[in-house]
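> Return a 3D structure for these sequence lines:
(one chain, ligands or ions: 1)
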Amino acid sequence: MNVNQHTPMASPYGQPQPGYGQPGYAPLDGGYPAPYAPYNGPASSYQPGAQPQGPVRGPPTSAPPPVSAPQPYNQYSHSQGDMQNGPPPMTQAPPRSAVSQPYNQGAVNLSGPHPSYPQHYGAPPSVQQVTNQMTGMQITSGPPTPAGPGYGKCGWVYTWFSPSLSYFCFTSGSFGQVRGPQPGYAGPYPGQPNYGAPAPALAPPTQKRLDPDAIPSPIQVIEDDKAKSTEPFTTGVRGQAPPLVTTNFQVKDQGTYVSHAVMFIRCTAYNMPCTADMAKQSQVPLAAVIKPLATLPPDETPPYLVDHGEGGPIRCNRCKAYMCPYMQFIEGGRRFQCGFCSCVTEVPPHYFQHLDHTGKRVDCYDRPELSLGSYEFLATVDYCKNNKLPQPPAFIFLIDVSYNAVKSGMVSIVCQELKTLLDCLPRENPEMDSVVRVGFVTYNKVLHFYNVKSSLAQPQMLVVSDVSDMFVPLLDGFLVNVNESRLVIESLLDQIPEMFADTRETETVFGPVIQAGLEALKAADCAGKLFVFHTSLPIAEAPGKLKNREDKKLIGTDKEKSLFQPQVSFYNTLAKECVAQGCCVDLFLFPNQYVDLATLAVVPVATGGSIYKYTYFQAQSDQERFLNDLRRDVQKPVGFDAVMRVRTSTGIRATDFFGSFFMSNTTDVELAGLDCDKAITVEFKHDDKLSEETGALMQCAVLYTSCSGQRRLRIHNMAVNCCSQLADLYRNCETDTIINFFSKYAFRGVLNNPTKTVRDTLINQCAQILACYRKNCASPSSAGQLILPECMKLLPVYLNCVLKSDVLLPGADVSLDDRSYLRQLISCMDVTETHVFFYPRLLPLIKLESGSLPVAVRDSEERLSKGGVYLLETGLHLFLWVGASVQQELLLNIFGTASFSQIDPSMTSLPVLDNPFSQRLREIIASFRAERSRYMKLMVVKQEDRAELIFKHFLVEDKSVSGGASYVDFLCHMHKEIRQLLS
Ligand SMILES: [Zn+2]
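Residues are numbered from 1 along each chain as shown. The predicted structure follows:
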């Protein structure tokens, strides 16, 4: 094994790999990829020992920076130049409470010269510069502060008293994070173990840095929530906020109020303002993230199927809400009053039931629709297109067989895999065969259709070379049942790689490929899904032909937004036709260069499809990820021809929607396909007053065709409280969901606005949220204090992660296709996925016990010990970071070698070793992969190796090379913004 061997790099989104030359496929010399090596590589910027390794911070080692020095890298830096008029530096941080501290109004000018937004591609700061920038602020963590009546009831307080001595005070909760014994850590750090004690004696007298342990820790919040959520979550209480998405919890569905729907719906606020004015004042977005077909944990019962007979589901006469626990039966059970619109509707005779002495129907607990939050109705023919019961859906596989597709190995891998995968098509009953029919097309500049009728001895190919007006040249024998045509299909899948093995055709079409699949579904009069395996920019003469318009010079300019929009309108029109037919398009991309993902994604996005991207696909290193994605994508539960409608109490209504779907009016979300992984974020606005008494109800109804061809309605009901006091709102918010909303809102915003405007808007709205809290909910205190609502204390750190994401603040290495890809991925994510994506999970691998995971550490380089090994997971990526002085025992247990230099960073799976540590680690990796909708390829990163820069991209509390602020700096910036709003 060669110590100097460089890992072939897969950058976060499948960036160009090291030394990949343009048309070659093999890594040339393993050199560092241009994208990640703009600054002489990481080796030069990494200075062992320069970063604090543990919590004990040393005295300052640097002089104040030259005030005139440009600091493009630290957008919210608080350098010494920003600080004026403070008292002289103190040598010992005194243990004083916030109220007793002398306060010097205006002493801290955190704004200084207005921070310009970062140069995207400027030089990175040296460690020295970074240290210099930090020296202006001195922080000591202080004791909890009894700061007056009502003070900090649900708040979290920080105080900046002076430029040279900043003082943090806490009124609630603990701070810092609990760290396990980690090699390399010096021991307890200031403040953490006994923050209630008076003197932070451990604080070094000349400490110069804002202590990251003294600001809200995501890990602490996550762990605290886990600790208090040991009982099953009972859903009978309206407005009760569920545990965080990072906490595993069981649900006892008592339907009446929040309901089982908590597994399907997350809200930004579980106590909504009664009036529009109040909502506007707070600026807290009112939204729900709904994942209608979410897969439940194995120990949860899937929604029951209810059949109301020929008349179909019972509904309110006026608003058409479906029967649910919010309907109040009156007049002895002969009528019911709608909880949404108050309209009274007759109970049909077949549904009549007597009421008990409390007014409840006596069959209440026998009927899911009267007692549970989530359930399904069998739909009648009235709910079907053209009043006709649907046909079972079809899957059509359309495979690019151009030069690049064949050469990379993609074609043979797909064909080989389909032979077994076709036995795993979705089915309702595992005992039965799937009724989904299949069809096959290959293409480059022309399309090849295949007749795989069971009566044929060999498949037949029909070529359509006129792609200008696509038609399907055969009807009988194109869509077939797998079992009936098995031999012909296998023969076809064996022959395809051979047929095109020597192709020299490099050009492809794309529009006609989707048209072909759509026409085939139309001809068969069914809904279905197209699986398109595609490699390149479709430049061949055909409808939907594209040109290369990638222009890095536009990034950061007002014209940048045009790059996120489709370059032709052809695909919008095509998407509309696909939606009308229930034709969902899943796109697997294998690009070696720009493919204009923004345009190719139009149809998948509008049809509820998924996009997968394998840049510089190589069979050897990427096959595992691709095959796992493909297997999951083909097998996962999916509904077709779906329409989602969200009904709400009078007073609010759903006004905006985010996700992969199509809308032809303002209320119906149309999804040609809706699978178990897709989430839709819905924003609500007031159109009247809500009442504290009744709260706010919402009902999400999704009409869809199941994979067996049955028309159904899935219903989720949710109820939240309503409040007339802002403090109640701020006590019942869910920051993780707010971040999900903001990220989707922002990532859609880049279609029409410069990214800087989008970032500024986000910062401003969050500052307004926090300023409103400060002004209306916290008791009067000095402006030098930063006071955050308890359940929003992580808003700044998470918001910063959104702001410095590659969509809003791309590094020089991030391609336009990558950014478009990320936009699409995030637009469909649920709250769990956005959470781990924006704030990755970083686990120290010390003691691995079965049944539990080590407590995570914060995403910052200074949390890493050189002697340790860490696992980092984002939901899309998986890294194993190995410290340069890693303990031999760890190496032997994980890699089976005693030497750091012997670790092969190109490995994508860990060796199977017969020791408990290795077994448990592999189990953990497998469980992480199973939790996510996309397969995460493992990347081993050795400290000080070139690949480390990619890994560091995900240490989101640190500054990023693209100019994103560190958490500490951003918190200071937010404080400044809030103060400006309050002054
Ligand atoms: Zn109604």
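
> and after the lengthiest helix in the chain, which helix or strand comes next?
Among the segments of the chain that qualify as a helix by DSSP state H, the longest is helix 755-776. Following helix 755-776 in sequence order, the next helix or strand is strand 785-789 (DSSP states H and E).

> Which strands or helices does the longest helix of the chain pack on?
If contacts are counted by 3 or more Cβ pairs under 8 Å, 6 or more residues apart in numbering; DSSP states H and E, helix 755-776 sits against helix 276-282, helix 726-731, helix 735-749, strand 785-789, helix 795-803, helix 967-982. C-beta here means a position set from N, CA and C on the backbone, and glycine is covered the same way.

> Could you identify which of the ones you listed has the lowest mean pLDDT?
Averaged per stretch, pLDDT over the helices and strands packed on helix 755-776 is lowest on strand 785-789, reaching a mean of 91.

> Alpha carbons of it, in CSV - could you do that?
What follows is strand 785-789 as a C-alpha-only set of coordinates in CSV (Å, rounded to 0.1, in the frame of the first residue of the first chain):
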residue,chain,number,x,y,z
GLN,A,785,-27.8,41.1,25.9
LEU,A,786,-28.7,38.6,23.3
ILE,A,787,-31.8,36.9,24.4
LEU,A,788,-33.1,33.9,22.5
PRO,A,789,-36.3,32.0,23.0
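
> tell me, what residue is most central in this structure?
T834 (2.5 Å; Cα atoms, centre = their mean).

> counting contacts, what elements does the helix or strand where that one lies pack onto?
When elements are assigned from DSSP H and E, T834 belongs to helix 831-838. Secondary-structure packing of helix 831-838 (3+ Cβ pairs under 8 Å, 6+ apart): helix 735-749, helix 795-803.

> Which one, of those, ends up nearest to the ion?
helix 735-749 (26.6 Å; Cβ to the ion).

> now the closest one against helix 755-776, angle please.
Per axes from the mean of the first three to the mean of the last three Cα atoms, to 10 degrees, the angle that helix 735-749 makes with helix 755-776 is 150 degrees.

> what's the closest of the helices and strands packed on helix 831-838 to T681?
Of all the helices and strands packed on helix 831-838, helix 735-749 sits nearest to T681, with 5.2 Å by Cβ to Cβ.

> Does anything pack onto that closest one? Which helices or strands?
Helices and strands touching helix 735-749, by 3+ Cβ pairs under 8 Å, 6+ apart, are strand 265-267, strand 287-290, strand 652-658, strand 680-686, helix 755-776, helix 795-803, helix 816-827, helix 831-838.

> Contacts for the helix or strand in which F531 is found, please.
Under the criterion of DSSP H and E, F531 resides in strand 528-534. Under the contact criterion Cβ atoms under 8 Å, 6 or more residues apart in numbering, strand 528-534 has outside partners 393-400, 405, 410-411, 414, 436, 508, 510, 513-514, 517-518, 521, 582-590, 595, 600, 609, 630, 633-634, 638, 640, 673.

> Please list only the buried members of those.
393-400, 405, 410-411, 414, 436, 508, 510, 513-514, 517-518, 521, 582-590, 595, 600, 609, 630, 633-634, 638, 640, 673 (16 or more other Cβ atoms under 10 Å).

> Give me the subset of those lying in strands.
Filtering these for membership in strands, criterion DSSP state E, returns 394-400, 583-589, 638, 640, 673.

> Keep only those of those residues that are also close to the ion.
When contact is defined as Cβ under 5 Å from the ion, these do not meet the ion at all.

> What count of nearby residues applies to L456?
The tally of other residues near L456 (other Cβ atoms under 10 Å) stands at 15.

> for R334, same thing?
12.

> Contacts only, for it.
By Cβ under 8 Å, 6+ apart, the contact set of R334 is 346-347, 352.

> Can I have the buried ones of these as a PyMOL selection?
A single PyMOL command selects the buried members of the contacts of R334 (16+ other Cβ under 10 Å):
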select buried, resi 347
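
> so can I have a markdown table of the contacts of R334 showing pLDDT and secondary structure?
Formatted as a markdown table, the contacts of R334 follow (pLDDT from 0 to 100; DSSP: H, G, I helix; E, B strand; the rest coil):
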| residue | pLDDT | secondary structure |
| --- | --- | --- |
| E346 | 97 | strand |
| V347 | 97 | coil |
| F352 | 97 | coil |
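
> Please identify which of the contacts of R334 is nearest to A501.
Nearest to A501 among these, counting by Cβ to Cβ, is V347 at 67.9 Å.

> Quick check on the closest one: phi, psi?
phi -90, psi 120 (degrees, to the nearest 10).

> what about A696, neighbour count?
By other Cβ under 10 Å, 29 other residues sit near A696.

> meant to ask about Q902
Residue crowding around Q902 was assessed by other Cβ under 10 Å; the count is 12.

> By residue count, what's the longest strand in the chain?
strand 711-723.

> What ranges in this protein fall below the confidence cut-off?
1-209, 234-237, 252-261 (pLDDT under 70).

> try 80
Scanning the chain for pLDDT under 80 picks out the ranges 1-210, 230-240, 249-262, 299-300, 783.

> Get me the contact residues on it for the ion.
Within the chain, the positions adjacent to the ion are 316, 318-319, 321, 338, 340-341, 343 by Cβ under 5 Å from the ion.

> Identify, from those residues, the entry nearest to D476.
Proximity of those to D476 (Cβ to Cβ) peaks at A321, which lies at 44.9 Å.

> That closest one reaches L713, doesn't it?
No - the pair A321 and L713 does not pass the contact test of Cβ atoms under 8 Å, sitting 11.7 Å apart.

> hmm, back to that, buried deepest among the helices and strands packed on helix 735-749, which one?
Ranked by mean neighbour count under mean count of other Cβ atoms under 10 Å, these are led by strand 265-267, which reaches a mean of 29.
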